[in-house]
Structures are given as structure tokens and as C-alpha cells.
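Trainee: generate coordinates for the sequence data below:
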Amino acid sequence: MKKIFYTKFNAATLVLIPACIGINYLGKLFAQLLKLPLWLDSIGTCIGGVLGGPIIGAVCGAANNLIYGFTTGDSITLIYALTSFGIGLAVGIMARLGLMKKFGGALLTAVVAGLAAVAISTPLNCIFWGGTTGNIWGDALFTATQAAGMPVAIGSFLDEVVVDVPDKVITLIVVFAIVKGLPNKLISLYEGNEKIESLD
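Mentor: Got it, this is the predicted structure:
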């Protein structure tokens, strides 16, 4: 368990974090401008989680939401820093368990990350936004569920599922391809599977 959360804080990591935040920022901006049915704001988070581990992934995710929220005035994004934190953590753990080495494992990681996002976001949706997510396509489904008389929590859950799970599948496929294309020498700068020396 200790090796799963082991994190290298070196020059490579200090470069990785802002790079991943920048990728997230641009992805979210792109998706919002084009009103896509996806978020596209966690590619950098997942890259950080795969390379640097769960702590780095979580930091990249939460930091991106905070920066985007404060710079654009998007208060919704600020609250969902918790969701991005969870996504980075989940992807980082799955990667440390070796599940990002093969395509099938990447798809499983995507499902886990998507469900983590759904689990965290659904209560936030209900508390702060009456069940909506702010995604135009997902909220169209939410409206339909409410017209059908479904409980708000179920409508919000379905709203999240139809957006978050496909989004994470696309995201993790992209991340899998990116990481596979990186040289081993670069990847080794972040690996945390070597023996951890005791300070005793």
C-alpha cells in the first residue's frame, strides 16, 4: 500500500504538475466553447496520475479546478475540485496497480474513474445545483427524468453517468496512447516502484 502512494517530488514532477494543469485547462475551455457533451478537463489529471501516482493526479485535478474557477469566475468548477481530486486519486491507484499497461486495463481504469466522479459529483449536484451538472447534454437528460417524475437524486445520478463515464473512457484512451508513446527514460523519472529507503 505504501508503494501505491509513494511520490517522487523531483524536478520532473515539478514540471509535470503545471503541464498537466495546462492540459486540463485547455480541454475544459475547448469543451465549453464548443458545448460538447463531454468535460475533457481531466486528461492532464489522468496523465499526472499515471506517471506520478495518485497524489500527483489528485493535486493536478484539484488545482486545475481551482485555477479555472478563479480565473473564469466559474463557481461551479470550484466546488468540483473534490471530484477532480477523486479522479486523479483513482487513476493514480489503478496505474500503480499496473492496470494502465494494457488497453483493457485502461478501459477498466476509465470506468473506475468515471464512477468515482459520479459518486462524488451526484451529492454535490443535489446540494448546490438542484441536481443539474452544468453540462448541456447531461442536463437535458436530467430535465427528462424530472418530467417523468423520477427523484432528483436518481436524475442527477443518470445525468452524471451519461457524461462522466463516456468522458473518462475517451480521456483514458487518449492518456493510454500518450503514455505509450513516451520514452521509457522519461517514464522512469516518475516511477515509484523502487525500494523505499528507511530513515531509521
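
Trainee: go through this structure and flag its longest helix.
Mentor: helix 152-180 (DSSP state H).

Trainee: who does it touch, helix- and strand-wise?
Mentor: helix 43-52, helix 103-129, helix 136-147 (3 or more Cβ pairs under 8 Å, 6 or more residues apart in numbering; DSSP states H and E). Every residue, glycine included, has its C-beta placed from N, CA and C.

Trainee: switch the cut-off to 10 Å
Mentor: In terms of contacts (3 or more Cβ pairs under 10 Å, 6 or more residues apart in numbering; DSSP states H and E), helix 152-180 is packed against helix 11-33, helix 43-52, helix 81-96, helix 103-129, helix 136-147, helix 184-187.

Trainee: okay, the angle between the first one and helix 43-52?
Mentor: Using axes from the mean of the first three to the mean of the last three Cα atoms, to 10 degrees, the interaxial angle of helix 11-33 with respect to helix 43-52 works out to 160 degrees.

Trainee: give me the distance from helix 11-33 to the chain's centre.
Mentor: Put simply, helix 11-33 sits 12 Å off its chain's centre (Cα atoms, centre = their mean, to the nearest Å).

Trainee: kindly report the same for the fourth one.
Mentor: The chain centre lies 8 Å from the centre of helix 103-129; the measure is Cα atoms, centre = their mean.

Trainee: report the buried residues of it.
Mentor: 105-107, 109-110, 112-118, 120-122, 124-126 (16 or more other Cβ atoms under 10 Å).

Trainee: you'd agree residue 127 is up against residue 120?
Mentor: No. Under the criterion of Cβ atoms under 10 Å, residue 127 is not in contact with residue 120, lying 11.7 Å apart.

Trainee: now do the contacts for residue 19.
Mentor: Residues in contact with residue 19 (Cβ atoms under 10 Å, 6 or more residues apart in numbering) are 44, 47-48, 60.

Trainee: now tabulate those residues in JSON lines and tack on pLDDT and distance to residue 67.
Mentor: Converted to JSON lines, those look like this (pLDDT from 0 to 100; distance: Cβ to Cβ, whole Å):
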{"residue": "44", "pLDDT": "97", "distance to residue 67": "11"}
{"residue": "47", "pLDDT": "97", "distance to residue 67": "17"}
{"residue": "48", "pLDDT": "97", "distance to residue 67": "14"}
{"residue": "60", "pLDDT": "96", "distance to residue 67": "11"}
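
Trainee: before we move on, the earlier item: can you give me the offset of the longest helix of the chain from its chain's centre?
Mentor: 9 Å.

Trainee: how about stretch 114-133?
Mentor: Worked out by Cα atoms, centre = their mean, stretch 114-133 lies 14 Å from the chain centre.

Trainee: now do that stretch, average pLDDT.
Mentor: In this model, stretch 114-133 has a mean pLDDT of 95.
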